[in-house]
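Q: Structure of the sequence below:
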Amino acid sequence: MKKIIAMLMLTASFVFAAINLQTASKQELMTIKGIGEKKAESIIKYRKSNKIKSADDLINIKGFGEGIIKNVKGNKTVSKAKEKTSKTKKNTSKTKEKSSKMKDKVSKKTKEKKSSVKKTKEKSAKIVKEKKSTSKKIKKEVKKNK
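A: Numbers count the residues shown, from 1 in each chain. Next up is the predicted model:
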């Protein structure tokens, strides 16, 4: 009973989930009308050395004709995957842009802190030098007074 429920849930997830031709599993590809085990394996083999940007790219695979490509294009879950991919690309570029800005801010803050530390060290060195000089003067005065 549990197996039947699990299979139903798995099947439902394939039906309602978006299929990305570049990343889909063999089972996901087989949910598209006209694509069986062999054709799914062909797609997986093809995408190892080529990027599938659209269903039209499948024409480059032996055994794929206009009919199957129409089925793939007509599959609503495949077209949703394309939209999802373009949104992901936009989000990725925004994230990269934000990341670059953050790196610049961090770099600027780091430079400011290094500069501040350097100034502090210089001040400390000056104070130590002054104390040594004062200490020597006091020692000379003490020797004179003896």
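Q: Backbone dihedrals for Val106, please?
A: Dihedral angles of Val106 (phi, psi; degrees, to the nearest 10) stand at phi -60, psi -40.
Q: ok, the residue nearest to the spatial centre of the chain to Glu41 distance?
A: Centroid-nearest residue in the chain, with Cα atoms, centre = their mean: Thr92, separated by 6.8 Å. Going from Thr92 to Glu41 by Cβ to Cβ, to the nearest Å gives 30 Å. Where you see a C-beta, it was placed from the backbone N, CA and C, and this is true even at glycine.
Q: before we move on, back to that, please give the element, helix or strand, for the residue nearest to the centre of the chain.
A: Here Thr92, judged by DSSP states H and E, is contained in helix 76-145.
Q: From the contact counts, what lies against that helix?
A: Contacting helix 76-145 under the criterion 3 or more Cβ pairs under 8 Å, 6 or more residues apart in numbering; DSSP states H and E is no other helix or strand.
Q: swap the cut-off to 10 Å and go again
A: In terms of contacts (3 or more Cβ pairs under 10 Å, 6 or more residues apart in numbering; DSSP states H and E), helix 76-145 is packed against helix 2-16, helix 26-29, helix 66-74.
Q: So for that helix, mean pLDDT?
A: Averaged across helix 76-145, pLDDT comes to 77.
Q: what's the angle between that helix and helix 66-74?
A: Counting by axes from the mean of the first three to the mean of the last three Cα atoms, to 10 degrees, helix 76-145 lies at 60 degrees to helix 66-74.
Q: what's the distance between the nearest residue to Lys62 once chain neighbours are set aside and Lys119?
A: In space, and not counting its chain neighbours, Lys62 is closest to Ser42: 7.0 Å by Cβ to Cβ, 6 or more residues apart in numbering. Remark: distance between Ser42 and Lys119 (Cβ to Cβ) = 67 Å.
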